[in-house]
Structure formats: structure tokens, C-alpha cells
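Chemist: no sequence on hand, only this structure:
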């Protein structure tokens, strides 16, 4: 597509020379090619509108004229070879294609073709069938080569995708917004309640953003994956591992930007161990969100349906994640939902990371009958 006529002819000529000199075979599908290009082919295959073979043989104009026009309509051959072989397909009734196929099956070209197929299917002198000459392994290259093939292609797609840099900007923006909302939270009981919300908000946003970014990318590349897999370029396992590892640097960078901008601004625990635990949990949630996006891409045919399902699932994950309501406040019949959501495990781990072994002594306003007054609260 997009080549000049002379360039297309040169391309086909070079390809034909390569096949003749190297003993290779090439199958090319063309629509409305010029006669200069068609005559470069050794054989021509023409299919009917139903996908049946109406001609397979040499590019011989008299033979083509007889098969596609018949003996009495030779004078109607006034166009190119492409016009000649495509003319019967314009007949909606299918009668012309049927006549063409009948003439082809009764021709010497079809008989020689059938004899050649029978010869290939027969048992050779060495006692081997044709299947014995084919490679025994499912894939022509090793697992590492397949992994490298997918990884290099994925890296190129990431580098030229504008969404890659948009993700980084969104991470910085969300970090600044969340940091400004919880800035300089005091280290007391009301501050602990605010940090509780800060932690859960991070868990929910990271899962939501990673799933939302993964879905469009998966649907764009799904058809390519199916074609490559059917052609035995690589298998699903090597493809998934390559995608996971090539996306990992982006996940780590996105989590770093989101955490660095707001973590110390809010006043969370200021030791490196707690910070890297916080960061590692966000990276794990990134991977969980990407896995959710790929799972929905595999389950649904349309992206709109997958987006709707993703919204519902993430909403349920956030509802039963342990923030509001708490786990003990969820009806027992629905508590099993908390076991399925990665938000609950990340939220619990980050809460322990932040508040383990801390004690708070503070006064809150509480109700004592009809009068409001300070009450003391404390404990772990």
C-alpha cells in the first residue's frame, strides 16, 4: 500500500529473484495488480466469492481467457488479467463463477494440479510421509527468542505511545492533589483517622488507574496477539511474561511519582523502611490492576463492555476494601467479597506499616447526655 506502480513492480521482481535464487516460496495477495506485476508470478491462484478455487496454475493468458470467458467469448478480453479473472465474481447469481470452476476442473491445468498433490501425499522412497519432513517442535525458535521478540516489540510501542507520558503526568497531578488534601496531618488520633483515608485513597486510585490504562492497550493489541500466536511466532505464556516485565518499569515509576509527591508531605512515617513498603504495595496494586484489565480483555469481545465491567468490579473492590464500612461491619454473607479484592490486603498491610506500635492520647468532642464535652481516648 502507498507504493508507486514502478516501485511495486520492482518489489515483486526482487522478491521473485530471491525466491528463484534461494529456493524459497512466497504467497502474495493482491487486488487489481497490473499485468507487469502479474506476469512476474510463477503461478496464479484465483478464489471464488465462496472461497473455492476457480483457478490455480501458470500465468498463461490464452488459458485464462478460455477458463474465465469460454470458447465463444474470447473477443471480450479487452482489459488486464486482473479484470479478466475478477469479472465472474461481479455476477451476483454465481452462475458465471460456477461455469468458470467447471471449465477449470475439466482442464489439463486442474488435472496436473491434482496429480501433483497426489504425488506429494504418497509415501516417499525412504518410507517417510510428508508429515515426517515437517519440524517436530511447535515453535521454530526457543522460549528466550520468543520472549525477546515480544519484549522488543512492546518496548517500541511504549516509547511511541503518547499515553506513556500522560500516565506520568496524571501520577504527579494526583500526588499533588492528594498531598494538598492531607498536607501536614498531625500525628494524633484525628490525624490518624485522616491518614487512614489517605492510605485507602491511594489503594483505590492506583488500582483504578492501572486497570483503566491497561484495557485500551490490550484491546488494541489483541488481534495482533491472536495472529502472531496462530502463526506460531510465540505462545501466550512468553507473551504475558514479556508484557508484565516490560510494563514493570512504568508501574514502578508511576508508583514512585505518586508516593514521593505526597508521602512525606502528608507526614507519614519518615523512615525508609516504611516508605519502601508503601511503595512496594503500590507497585503490587499496579500489577493487580493490569492483570484485571488483561483478564477482562480476554473475557469480553468489546471494549465498552469490558470498561463497564471494570467500573463495577473496582467499585465493589473499593466498597468491601475495609475502609468504610470496616470488615466487621460488612454483613457476614458478603464478607467473602473482601477476600477477593486486592484493595483489602493492600489497605491492611499499609495500615499496619503506618500504625503498628503507635499510641495516641487525645481529647475528642463526645456526647454526654444532652451536653457536648471532651472525652479522653487512647490505646494502640
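Modeler: Looks like it came in fine. In this text the structure is predicted, and so the values were computed from the model without any measurement.

Chemist: my read: residue 195 touches residue 268, true?
Modeler: Yes. With contact defined as CB atoms under 8 Å, residue 195 reaches residue 268; the gap is 6.7 Å. C-beta here means a position set from N, CA and C on the backbone, and glycine is covered the same way.

Chemist: all the strands of this structure, in order from the start?
Modeler: Ranges of strands in the chain, per DSSP state E, are 44-47, 53-57, 360-368, 371-379.

Chemist: if we can go back for a sec, what do residue 195 and residue 268 both touch?
Modeler: Taking CB atoms under 8 Å, 6 or more residues apart in numbering as the contact rule, residue 195 and residue 268 both touch residue 354.

Chemist: compute the first-to-last residue distance for stretch 43-60.
Modeler: Taking CA to CA, to the nearest Å, the first and last residues of stretch 43-60 lie 9 Å apart.

Chemist: check which residues of it are buried.
Modeler: Neighbour-count burial for stretch 43-60, counted by 16 or more other CB atoms under 10 Å, picks out 44, 46, 48, 54, 55, 57.

Chemist: how about those, which pair is most distant?
Modeler: 48 and 57 (15.5 Å; CB to CB).

Chemist: which residue is the nearest non-sequential neighbour of the residue nearest to the spatial centre of the chain?
Modeler: Central residue of the chain (CA atoms, centre = their mean): residue 218, 2.8 Å from the mean position. If the residues on either side of it in the chain are set aside, residue 218 comes closest to residue 297, at 3.7 Å by CB to CB, 6 or more residues apart in numbering.

Chemist: what does residue 31 give?
Modeler: Take residue 31 and drop its neighbours on the chain: the residue closest to it by CB to CB, 6+ apart is residue 82, 8.0 Å away.

Chemist: then residue 245?
Modeler: With CB to CB, 6+ apart as the criterion, residue 245 has its nearest non-adjacent residue at 7.1 Å, and that residue is residue 151.

Chemist: look up how far residue 254 lies from the one you found.
Modeler: Distance, residue 151 to residue 254, by CB to CB, to the nearest Å: 19 Å.

Chemist: which one of these two is surrounded by more residues?
Modeler: Comparing residue 151 with residue 254 by other CB atoms under 10 Å, the one with more neighbours is residue 254, at 23 against 17.

Chemist: ok, the residue nearest to residue 218 to residue 212 distance?
Modeler: 12 Å.

Chemist: ok now the top helix by length along the chain, how far from the chain's centre?
Modeler: Using DSSP state H, we find that the single longest helix of the chain is helix 189-230. How far helix 189-230 lies from its chain's middle: 15 Å, per CA atoms, centre = their mean, to the nearest Å.

Chemist: then stretch 85-100?
Modeler: For stretch 85-100, the distance to the chain centre is 40 Å (CA atoms, centre = their mean).

Chemist: show me where pLDDT drops low in the stretch 101-250 of the chain?
Modeler: Across the stretch 101-250 of the chain, the ranges flagged by pLDDT under 70 are 121-140.

Chemist: repeat that with 90
Modeler: 101-172, 174-175, 177-197, 201-202, 205-206, 209-250 (pLDDT under 90).

Chemist: where exactly do the helices run in it?
Modeler: Along the stretch 101-250 of the chain, the segments classed as helices by DSSP state H, counting those that start in this stretch run 108-121, 143-159, 162-181, 189-230, 236-266.

Chemist: looking at those helices, which is nearest to residue 90?
Modeler: helix 108-121 (23.2 Å).

Chemist: helices or strands up against that closest one?
Modeler: Judged by 3 or more CB pairs under 8 Å, 6 or more residues apart in numbering; DSSP states H and E, helix 108-121 is in contact with strand 53-57.

Chemist: who does the strand it packs on pair up with?
Modeler: According to DSSP bridges, strand 53-57 forms sheet pairs with strand 44-47 (antiparallel).

Chemist: next, count neighbours for residue 321.
Modeler: Counted with other CB under 10 Å, residues neighbouring residue 321 total 25.

Chemist: against residue 80, how distant is the residue nearest to it when sequence neighbours are not counted?
Modeler: Excluding the flanking residues, the one nearest residue 321 by CB to CB, 6+ apart is residue 343, at 3.7 Å. Counting by CB to CB, the separation of residue 343 from residue 80 is 64 Å.
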